[in-house]
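Engineer: I'll drop the sequence and a predicted model, then ask my questions.
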Amino acid sequence: MFVALLAVGWSRHPPETAVVTALLGALAWGVVQALLVWVGLARPPGRRFTRSVRWGAVLLVLGAFLGYLTLAATSMLSPHEFVEAPRSLRGTVVCAIHALVFGLLATAALLGIWSRTDPFSPGLSGAVAGLGGGLVGAVALDMTCASREAWHLWLGHGLTLVVVVGLAWLAGRRWLSP
């Protein structure tokens with residue numbers, strides 16, 4: 001799914017000299033995703049890391065991604081300018097929709113893999129799956145999006161990740177418990 005989203009994005013906005021940087025960034029976030037899934041879901045229930053370690057991993061990765069978006073921003077409009085500029089707002093909504101769709105698809109796949117496997121903390125496992133899946137959409141979108149405006153990145157890329165984690169937490173409570 002990640003490769004498909006990169007292909008679609010790069011067909012719309014062909015990369016110039018940033019290909020290597022984008023691929024290294026994607027590789028780094030892929031390693032973070034793999035570690036997150038390993039810490040949060042790989043072990044069987046009852047043998048997983050403690051709830052505090054798993055919540056810490058979720059919050060750390062979520063904070064790291066939001067921090068990454070903040071550092072990646074090269075400009076920042078005032079809130080009024082951002083809302084008044086129809087192109088900025090429209091582009092943010094388009095990015096948010098893409099990030100949500102791909103993030104929810106990847107999350108649904110992870111929830112399907114671990115369906116009915118967590119009797120102890122299904123909501124937390126859902127949040128881990130949501131973060132892992134949400135990063136698929138958010139990172140691929142970030143690699144292909146031409147906008148580096150801070151509000152766009154926070155709302156169109158970062159907030160969508162928070163929404164996917166929250167929705168997956170709710171879905172995990174229902175679908176991951178036996």
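Structural biologist: Thanks, I have it. Numbers count the residues shown, from 1 in each chain.
Engineer: Pretty sure residue 143 sits against residue 28.
Structural biologist: No: applying Cβ atoms under 8 Å, one finds residue 143 not in contact with residue 28, separated by 11.2 Å. (C-beta placed from N, C-alpha, C; glycine too.)
Engineer: Those two: who's more crowded?
Structural biologist: A side-by-side neighbour count of residue 143 and residue 28, using other Cβ atoms under 10 Å, places residue 143 first with 22 against 12.
Engineer: Provide the secondary structure category for that one.
Structural biologist: Following DSSP: H, G, I helix; E, B strand; the rest coil, residue 143 is assigned to helix.
Engineer: Setting aside sequence neighbours, what's the nearest residue to it?
Structural biologist: Nearest non-adjacent residue to residue 143, counting by Cβ to Cβ, 6 or more residues apart in numbering: residue 22, 4.5 Å away.
Engineer: how far away is the spatially most central residue of the chain from residue 68?
Structural biologist: For the chain, the residue whose C-alpha lies nearest the mean C-alpha position (Cα atoms, centre = their mean) is residue 135; its distance is 2.5 Å. Distance of residue 135 to residue 68, computed by Cβ to Cβ, to the nearest Å: 11 Å.
Engineer: what touches both of these two?
Structural biologist: Between them, residue 135 and residue 68 share no neighbouring residue, with contact defined by Cβ atoms under 8 Å, 6 or more residues apart in numbering.
Engineer: mind checking pLDDT for the residue nearest to the centre of the chain?
Structural biologist: Model confidence at residue 135, given as pLDDT, is 95.
Engineer: My read is that it contacts residue 65, right?
Structural biologist: Yes: Residue 135 is within contact range of residue 65, at 7.0 Å (criterion: Cβ under 8 Å).
Engineer: what is in contact with those two at once?
Structural biologist: 29, 161.
Engineer: chain center to the helix of greatest length in the chain, what's the gap?
Structural biologist: Under DSSP state H, the helix in the chain containing the largest number of residues is helix 86-113. The offset between the C-alpha centroid of helix 86-113 and the centroid of the whole chain comes to 9 Å, using Cα atoms, centre = their mean, to the nearest Å.
Engineer: and if you look at stretch 142-149?
Structural biologist: 14 Å.
Engineer: Tell me the spacing between the closest residue to residue 55 other than its chain neighbours and residue 39.
Structural biologist: Take residue 55 and drop its neighbours on the chain: the residue closest to it by Cβ to Cβ, 6+ apart is residue 124, 6.5 Å away. When distances are taken as Cβ to Cβ, residue 124 and residue 39 turn out to be 11 Å apart.
Engineer: what is in contact with these two at once?
Structural biologist: With contacts taken as Cβ under 8 Å, 6+ apart, the residues that reach both residue 124 and residue 39 are residue 54.
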